[in-house]
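Novice: Sequence and predicted model, in that order:
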Amino acid sequence: MKARSLSIALAVATLAPAIAGCGGGGGSSSADLAGFAPPGAALYIQGEVRPTGSLKVNVDSIAKRVAGIDNLGDFLVSKLEKSARESGEPVDFAKEIEPWLGQRAAIFFTVEGVDNEEADFVIESTDPQATQAFVDAQAKSSRHPYQDASYKGVAFKVGGKDDNAVGVVDGSLVQADTERQFQQIVDASSGESLADQERFKTAFSATKEGSLADAYVDIGGLIKRSKTEITQNNVSIFKSLGIDLTDATAVASLVPGSDQVEIDLSSDLFKGGSANADTTELLGSLPSGAFAALAVSDLGKQLEETIDRFDAAGIPPNVPPHRLKEALKAKGIDLEQIASSVEDAAVFGVGSDRAGLGGALVMTTENATRATNTVANIGLMLRTFGVPGVAALSGPASGFSIRSPGLGSKPLVIAAEGDNITIGYGLPATLSHASQTLSDSADYRAAVASLGDTPISGFVDGSAALELAEALASPSETGFQKAKRYLQNIRFIAMGSGSEGDRATAKLIVGLTK
């Protein structure tokens, strides 16, 4: 047998999903493998390496649509085996790995500092004895020697090219970055582990059934461990925006469908969750030619809260605490009035090339008088700060434009029309009255439908965005030309948000062309 690297063989096992073609129904959000992760693991990812039933059907359907691949698992195995042969370390998946390969695998990181990351993984096994025989054979034939080791009755190997530790723990195959980390995994498997942590259990309970992979991030843990990279001042700035990083967690689930890919997110980053109103109507009222659009509800309330926080904190070194609003009011600028005038908001981009690129921010208000007065207040604020190039608009819209070399060939336009305030780049984008809106688009309606009960808050038109990207990309960018093969299969991207209990939730759908 030729010498080989055990790590390459394990890569074949973990990076070859969609192997099985029968039995079972789909993915599961069960976190049993977290029982191998030390309690301090800051990042934990688990996935199906042998999806079955509808999950496998969906994975193969997406691979067929996007890349013309009939069976993703067979394709990945052939590619990995070819790479191993070319490196002089051949692996036969069918004979050496498939007989014992279990259903799932997990990878986790214990981050002790930005420059010190330890990645470890565990693979479920259906035959621990066969798995141990595989480890022994691979280690024996490796071109880089392994040494026998033992910890609390668990035998394992240490060495290889990267000086890793590999062995069978509680019937599953484990590879750790270091011997010390392997010992910690052994301790976790028989004692306290990540799976026992309440914050992990609460967060992971939000993962979705039918997922191909789930990920957990201990945001607070990462902050605490990156002492030199993220200062307390940075944390305070986020807190002023209503974002609490210090004890936050987040989870994400990847759920494939027959004609779409869904990513579900859940986090307690925003304490109290998210109670956003439905912005579907506002988003749908934007021009149908928009290549991308995003809407937020209660923007005025969020602006008021942000202004209050900045006022309370002050802006060092010139503005002391509780003086920002007072100082601007003395100049005739009422920030609270400006913020309270705004309700919901949406931003969109239009154009198919650099010359035609434009876009606008549309904010709704209670009435036309509010809109006009708010624009007048913004104009006063700009004049107070001496912004050059400001000129009044002519026509039915009230407002002004700002021209500056730094803005390019088009002006920044701020206008009040009816109940809306629009801030846009270029007069056509800002003051357009499109006869066709996004709600008239079949792709937009499909995006809304794909989100189910989750209100849409963001939309990307796949073909329009790709057309613009092609126009902006340099002909010499070979990476984009390769990516185009896959990007051209995206029909739309839909985003929505909501809340479950005290956790904010978000959903992203990538709809594929037929």
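Specialist: Now that the structure is in, tell me what you want to look at. Residues are numbered from 1 along each chain as shown.

Novice: residues contacting Gln337?
Specialist: Under the criterion of Cβ atoms under 8 Å, 6 or more residues apart in numbering, the neighbours of Gln337 are Asn373, Thr374, Asn377. Heads up, the C-betas are built off the backbone N, CA and C, glycines and all.

Novice: so it sits in a helix?
Specialist: Yes: when DSSP: H, G, I helix; E, B strand; the rest coil is applied, Gln337 is found to be in a helix.

Novice: confidence score at it?
Specialist: In this model, Gln337 is scored at 75, pLDDT.

Novice: again, but for Asn233
Specialist: pLDDT, Asn233: 53.

Novice: coming back round to it: now tabulate the contacts of Gln337 in CSV and tack on pLDDT.
Specialist: Converted to CSV, those look like this (pLDDT from 0 to 100):
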residue, pLDDT
Asn373, 81
Thr374, 80
Asn377, 78
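
Novice: Let's have those residues in JSON lines, adding neighbour count and distance to Lys224.
Specialist: Output for these, formatted as JSON lines (neighbours: other Cβ atoms under 10 Å; distance: Cβ to Cβ, whole Å):
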{"residue": "Asn373", "neighbour count": "18", "distance to Lys224": "47"}
{"residue": "Thr374", "neighbour count": "22", "distance to Lys224": "42"}
{"residue": "Asn377", "neighbour count": "17", "distance to Lys224": "43"}
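
Novice: Filter the residues you listed down to the ones in helices?
Specialist: Asn373, Thr374, Asn377 (DSSP state H).

Novice: so how far is Thr365 from the first one?
Specialist: In this case it means Asn373. 9 Å (Cβ to Cβ, to the nearest Å).

Novice: residues shared between the contacts of these two?
Specialist: In terms of Cβ under 8 Å, 6+ apart, Asn373 and Thr365 are both contacted by the residues Ser341.

Novice: centre of the chain versus stretch 83-102, how much separation?
Specialist: The chain centroid and the centroid of stretch 83-102 are separated by 32 Å, computed with Cα atoms, centre = their mean, to the nearest Å.

Novice: quick one: average confidence on it?
Specialist: For stretch 83-102, the mean confidence score works out to 82.

Novice: I'd like the numbering to begin with 755 instead of 1 from here.
Specialist: Okay, using 755 as the starting number, the last item reads as stretch 837-856.

Novice: got the buried residues for it?
Specialist: Residues Ala838, Glu843, Pro844, Val845, Phe847, Glu850, Ile851, Glu852, Trp854, Leu855, Gly856 are the ones in stretch 837-856 that count as buried (16 or more other Cβ atoms under 10 Å).

Novice: can you put those in a markdown table and add distance to Gln1091?
Specialist: Rendered in a markdown table, the data for the buried residues of stretch 837-856 read as follows (distance: Cβ to Cβ, whole Å):
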| residue | distance to Gln1091 |
| --- | --- |
| Ala838 | 67 |
| Glu843 | 70 |
| Pro844 | 73 |
| Val845 | 69 |
| Phe847 | 67 |
| Glu850 | 72 |
| Ile851 | 67 |
| Glu852 | 68 |
| Trp854 | 69 |
| Leu855 | 65 |
| Gly856 | 62 |
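
Novice: Show me what secondary structure element comes after the helix or strand bottoming out on mean pLDDT in the chain.
Specialist: Each helix and strand of the chain was given a mean pLDDT (mean pLDDT, DSSP states H and E); the minimum falls on helix 986-994 at a mean of 55. Heading C-terminal from helix 986-994, the first helix or strand you meet, by DSSP states H and E, is strand 1003-1010.

Novice: Give me the sheet partners of that following strand and which way each runs.
Specialist: For strand 1003-1010, sheet partners with direction are given as strand 967-972 (antiparallel), strand 1014-1021 (antiparallel), following DSSP bridges.
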